[in-house]
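S.K.: I would like to see how this sequence folds:
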Amino acid sequence: MRSILVVTKDKDDYRIIRKCHRSAYRVDLAPTSDTALNMLHHRRYDYLFMDIDLLRASEAGGLKTALQALWQVFPTIEIVVMCPKRKSGKP
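M.R.: So this is what the prediction gives:
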């Protein structure tokens, strides 16, 4: 079975992704970047959904450096960066 790793502290984001993909993918949750890196060392994932706030906090060198750290562990993984939705009325 194909697998998705969701890296977020927001359980609602995890539940939505799991609900959308439950028939075709196993969906796991990692609440921190360190947990995600550990999980990537032990299991093959096809996709990684990453909360942008956790991504920013994971590396001092910026987003590109943080993404490269993930790709070093798992070079073929597809990464989707999740951003908070924009509040209505604000540009």
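
S.K.: now tell me which helix or strand of this protein has the poorest mean pLDDT.
M.R.: Using mean pLDDT, DSSP states H and E, helix 52-58 stands out as the lowest-scoring helix or strand of the chain, at a mean of 82.

S.K.: run the chain-centre distance for the helix or strand following that one.
M.R.: Next in sequence after helix 52-58, counting helices and strands by DSSP states H and E, comes helix 63-73. Going by CA atoms, centre = their mean, to the nearest Å, the spacing between the C-alpha centre of helix 63-73 and its chain's C-alpha centre is 12 Å.

S.K.: what residues sit buried inside helix 63-73?
M.R.: Residues Ala66, Leu67, Leu70 are the ones in helix 63-73 that count as buried (16 or more other CB atoms under 10 Å). For the C-beta atoms, the positions are set from N, CA and C on the backbone; glycine is no exception.

S.K.: kindly report the same for stretch 72-91.
M.R.: Buried residues in stretch 72-91, counting neighbours by 16+ other CB under 10 Å, are found at Phe74, Ile77, Ile79, Met82.

S.K.: list the contacts of that stretch.
M.R.: Under the contact criterion CB atoms under 8 Å, 6 or more residues apart in numbering, stretch 72-91 has outside partners 8, 13, 37, 40-41, 44-53, 55, 63, 67, 70-71.

S.K.: try stretch 44-62
M.R.: With contacts defined as CB under 8 Å, 6+ apart, stretch 44-62 is touched by 2-10, 13, 17, 25, 28, 32-34, 36, 39-40, 63, 65-67, 69-70, 74, 77-84.
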